[in-house]
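In: sequence first, then the predicted structure:
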Protein chains: 2
Amino acid sequence: MKLDSEHLEILAMIVDKGGLTEGAEALGKSQPSVSRTMALLEDRIGAALFEPGKRPLRPTELGESLARIGARIHALNAEASALVQSYRKGHTGRLRIAGTPIFMDGVVSTLIADFQMRHPEVQIAQSYGYFDQLAASLRNGTLDVAILPLHPSMVPADMRFVPLLAGRNVIACRAGHPLMRRGAVTLADIEPYPWIAPPPDSPLYRDLQRALKSIGKEDFKVSFSGGTLASINSVLARSDALTVLPYSVVFLSRKSAGLEALGIKIEHPDRQLGFLTHEAATPPPALRRFADFLTDEFNLLEARIQHESQVTRRRG
Amino acid sequence: MKLDSEHLEILAMIVDKGGLTEGAEALGKSQPSVSRTMALLEDRIGAALFEPGKRPLRPTELGESLARIGARIHALNAEASALVQSYRKGHTGRLRIAGTPIFMDGVVSTLIADFQMRHPEVQIAQSYGYFDQLAASLRNGTLDVAILPLHPSMVPADMRFVPLLAGRNVIACRAGHPLMRRGAVTLADIEPYPWIAPPPDSPLYRDLQRALKSIGKEDFKVSFSGGTLASINSVLARSDALTVLPYSVVFLSRKSAGLEALGIKIEHPDRQLGFLTHEAATPPPALRRFADFLTDEFNLLEARIQHESQVTRRRG
DNA sequence: CAGCTTCATAACCTCAGGATATATAACCAT
DNA sequence: ATGGTTATATATCCTGAGGTTATGAAGCTG
């Protein structure tokens, strides 16, 4: 025999309120409705839930026991409703975020930490990938949002791309690097130093090639390649090697990693960092919160970078 | 927003079984039924419960969370069903039992203890009373069963009386009483001893009067009156006083209280100990169990008393 | 015991949710 | 790839739970 949980909840409310009429009112139902419902329940279980012939309806022993269970069911049901509400508002849920490694490690991961301070109930699953893989994951629904540098013309038709930051690249080195002592740096200046290269399949590797070509340097010596940002930072900090990194990454890890950007202009990649989502997929509500958060934080970051460059320019 | 607990239970089953079809089967419903139910639930909460475009249906994060709650609701619901089953079989419930004090204390209370060993989930509320009050309580539904000595002609029309034991009364005294030394006891023998009387409003008091009158004793000295069985036993054991008690009570408290019955025949009351119930009331199922138990135990008791008297007679 | 309050019943209507039949979409193996 | 297999969704119909209002019956109380 299967009881209707709703019936048990109604019973609990009646017992709690001390009467059928008050219980019905508290439930937002009519009195006859709950009366009939209780009659039906009594029929089903084949026993009285209320003492017969008592006018402020008083539960029997069995009625009281079932009411206790009904109250617990009600609490669970309310918990479920609250969970749904929280989810719909974006305060709860799981967010699957992926992006290109350097940006994820250098910029996004710190922002994710901030985001989780505000929304501890949002579980974030982060992974890495480049454009093709990211787009595929978005399409097959295993990813909610991708964060990567992209040229507007490269955005697939079935996706939406929201730019967050201009993709300015710089040549980075350790803070105490010999090149940092001079004001302007020429091609000849950087000639003797070895290079750290991002993984060969990454866009940054091609950026590095193009950047060096743009300042007239066709071939270069690679002393280290293939590492993640943490490795790159380590090697960079303990050697006189150079590399090409997004300025935002250098900006954010200056203090912690002891990095600086050389004052030499290199070609800007015609891409912007932004996030990519699949139009067809219904995004988890938490994504909206995260996207808003990212937009705000990147605006702030951009403002800080602007401010910094003005101060530096004024000083220099 | 109020979710349907049933929906959550179905969701839990689908997630548990790993697919909609299997879940439907486990629930004893058709596959389209649960499919539509889940579609309805998704509509209501405005979010996906299952990853879209996955064929062995896989729950989303939200779906899994709600399924967990659904499973807990299901457990509570099952608990309620089990409670009802247990109640209907008489293994659970509350039993309000009342009766005349001497019998309740001397016979029934020990049986209640035995009964509760077998049915620990049956809560027993015991109280005391005489006929009028017991009948009134049965009629107004504050009592489930009364245990008292009654003459068949005195059973009210709206009630049912089941006799359990013949109402043989005896003169009781302490085990080492001077009268116990002689074989047959005469009226003259008991002349010098004081009497313990039950409460004056009790049937036993009238029994006492009639019993003594039946052996030719019109007036008697009362040294103690009005106590419960515990008091009577105490006084009886520490004095040479006599009293009239049901033989069953003496039989059961011989060892513990050190009582004996005199070998003098007194008038039998024309009543039988039995239990009285209200015909109109729907009895709690546990009452049936208790009534059956009482019947069995009293049969056993009667057999033990029979056996005893035969042994005594053979010996004496 | 009259009047108030509380609960039960009646009559009506809507819609959740049961079933079967069938379409459609993933999955899998060749 | 592609066709067969399996899993899920949709269509349609039908029953009954449960919502309503109106009204009757039964406890409770002064």
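Out: Arrived safely, thanks for sending. Residues are numbered from 1 along each chain as shown, chains lettered A, B, ... in the order given.
In: and residue A:307, which helix or strand is it part of?
Out: helix A:285-315 (DSSP states H and E).
In: what residues does stretch A:121-129 touch?
Out: With Cβ atoms under 8 Å, 6 or more residues apart in numbering or on different chains as the contact definition, stretch A:121-129 has outside contacts at A:86, A:90-101, A:104, A:109, A:112, A:115-116, A:137, A:143, A:146, A:286, A:289-290, B:61. Every C-beta, even on glycine, is put in place using the N, C-alpha and C of the backbone.
In: in that stretch, what's buried?
Out: Buried residues in stretch A:121-129, defined by neighbour count with 16 or more other Cβ atoms under 10 Å in any protein chain shown: A:122, A:124, A:129.
In: next one: phi and psi at the first one?
Out: Read it as residue A:122. Main-chain dihedrals, residue A:122, degrees, to the nearest 10: phi -90, psi 120.
In: that older thread, which of the contacts of stretch A:121-129 are close to DNA strand D?
Out: Among the contacts of stretch A:121-129, none lies close to DNA strand D by the criterion of Cβ under 7 Å from any atom of the strand.
In: of those residues, buried ones?
Out: By 16+ other Cβ under 10 Å, these give A:86, A:90-101, A:104, A:112, A:115, A:137, A:143, A:146, A:286, A:289-290, B:61 as buried.
In: out of those, which are inside strands?
Out: A:93-99, A:146 (DSSP state E).
In: where does the prediction get shaky in the stretch 101-250 of chain A?
Out: Within the stretch 101-250 of chain A, not a single segment meets pLDDT under 70.
In: that older thread, which two of the ones in strands among the buried ones among the contacts of stretch A:121-129 have the greatest separation?
Out: Farthest pair in these (Cβ to Cβ) is A:93 and A:99. Separation: 19.0 Å.
In: need phi/psi at whichever residue of the stretch 101-250 of chain A sits closest to DNA strand C.
Out: Residue nearest to DNA strand C within the stretch 101-250 of chain A: residue A:140 (8.3 Å; Cβ to the nearest atom of the strand). Backbone geometry at residue A:140, expressed as degrees, to the nearest 10, gives phi -90, psi 10.
In: residues contacting it?
Out: residue B:53.
In: between the two ends of stretch A:242-261, how far is it?
Out: From its first residue to its last, stretch A:242-261 covers 10 Å (Cα to Cα, to the nearest Å).
In: state the pLDDT value of residue A:291.
Out: Residue A:291 carries a pLDDT value of 96.
In: and it, how many neighbours?
Out: 18 (other Cβ atoms under 10 Å in any protein chain shown).
In: one more: residue A:202?
Out: 16.
In: ok, it - contacts?
Out: Residue A:202 neighbours (Cβ under 8 Å, 6+ apart): A:100-102, A:130.
In: restricted to helices, list these.
Out: Members of these lying in helices (criterion: DSSP state H): A:101-102.
In: ranges for the strands of the stretch 1-150 of chain A?
Out: For the stretch 1-150 of chain A, strands defined by DSSP state E, counting those that start in this stretch occupy the ranges A:93-99, A:122-128, A:145-150.
In: and residue A:217, which of those strands is closest to it?
Out: strand A:145-150 (22.3 Å).
In: what about the helices in the stretch 201-316 of chain A?
Out: A:203-214, A:229-237, A:247-257, A:285-315 (DSSP state H, counting those that start in this stretch).
In: how about these, which one is nearest chain B?
Out: helix A:285-315 (7.5 Å; Cβ to the nearest Cβ).
In: nearest spatial neighbour of residue A:101, skipping sequence neighbours?
Out: In this structure, residue A:101 finds its nearest non-sequential neighbour in residue A:128, 4.8 Å apart by Cβ to Cβ, 6 or more residues apart in numbering or on different chains.
In: same question for residue A:98.
Out: Nearest one to residue A:98, counting by Cβ to Cβ, 6+ apart, is residue A:127 at 4.4 Å.
In: please report how far the one you found lies from residue A:298.
Out: 21 Å (Cβ to Cβ, to the nearest Å).
In: kindly report the same for residue A:126.
Out: Applying Cβ to Cβ to residue A:126 and residue A:298 gives a distance of 17 Å.
In: now do the contacts for residue A:165.
Out: A:248, A:272-274, A:298, A:301-302.
In: what is the nearest of those to DNA strand D?
Out: Of the contacts of residue A:165, the one sitting nearest to DNA strand D (Cβ to the nearest atom of the strand) turns out to be residue A:274, at 31.0 Å.
In: residues near the nearest residue to that closest one once chain neighbours are set aside, how many?
Out: Once flanking residues are discounted, residue A:274 sits nearest to residue A:163: 3.9 Å by Cβ to Cβ, 6+ apart. When counting by other Cβ under 10 Å, one arrives at 17 neighbours for residue A:163.
In: residue A:163 and residue A:294 touch, don't they?
Out: No - Residue A:163 lies out of contact with residue A:294 (Cβ atoms under 8 Å); the separation is 11.2 Å.
In: and the helices in the stretch 51-200 of chain A?
Out: Using DSSP H, counting those that start in this stretch, helices in the stretch 51-200 of chain A cover A:61-88, A:101-103, A:109-118, A:131-139, A:187-190.
In: what's the closest of the ones you listed to residue B:156?
Out: Closest among the helices of the stretch 51-200 of chain A, once you apply Cβ to Cβ, is helix A:61-88, at 25.8 Å.
In: picking up where we left off before, which one, of the helices of the stretch 51-200 of chain A, ends up nearest to residue B:45?
Out: helix A:61-88 (4.7 Å).
In: what helices and strands are in contact with the closest one?
Out: helix A:5-17, helix A:285-315, helix B:5-17, helix B:31-45, helix B:61-88, strand B:93-99 (3 or more Cβ pairs under 8 Å, 6 or more residues apart in numbering or on different chains; DSSP states H and E).
In: Serialize these to JSON lines and add fields for distance to residue A:266.
Out: As requested, the helices and strands packed on helix A:61-88 are exported to JSON lines (distance: least, Cβ to Cβ, whole Å):
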{"stretch": "helix A:5-17", "distance to residue A:266": "67"}
{"stretch": "helix A:285-315", "distance to residue A:266": "16"}
{"stretch": "helix B:5-17", "distance to residue A:266": "53"}
{"stretch": "helix B:31-45", "distance to residue A:266": "51"}
{"stretch": "helix B:61-88", "distance to residue A:266": "43"}
{"stretch": "strand B:93-99", "distance to residue A:266": "86"}
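In: would you single out the least confident of the ones you listed?
Out: Looking at those, the weakest mean confidence is helix A:285-315, a mean of 85.
In: buried residues of that helix, list them for me.
Out: A:285-287, A:289-291, A:293-294, A:297-298, A:301, A:305.
In: so how far is residue A:275 from the closest residue to residue A:118 other than its chain neighbours?
Out: The shortest distance from residue A:118 to any non-neighbouring residue, by Cβ to Cβ, 6+ apart, is to residue A:293 (7.6 Å). Distance of residue A:293 to residue A:275, given as Cβ to Cβ: 11 Å.
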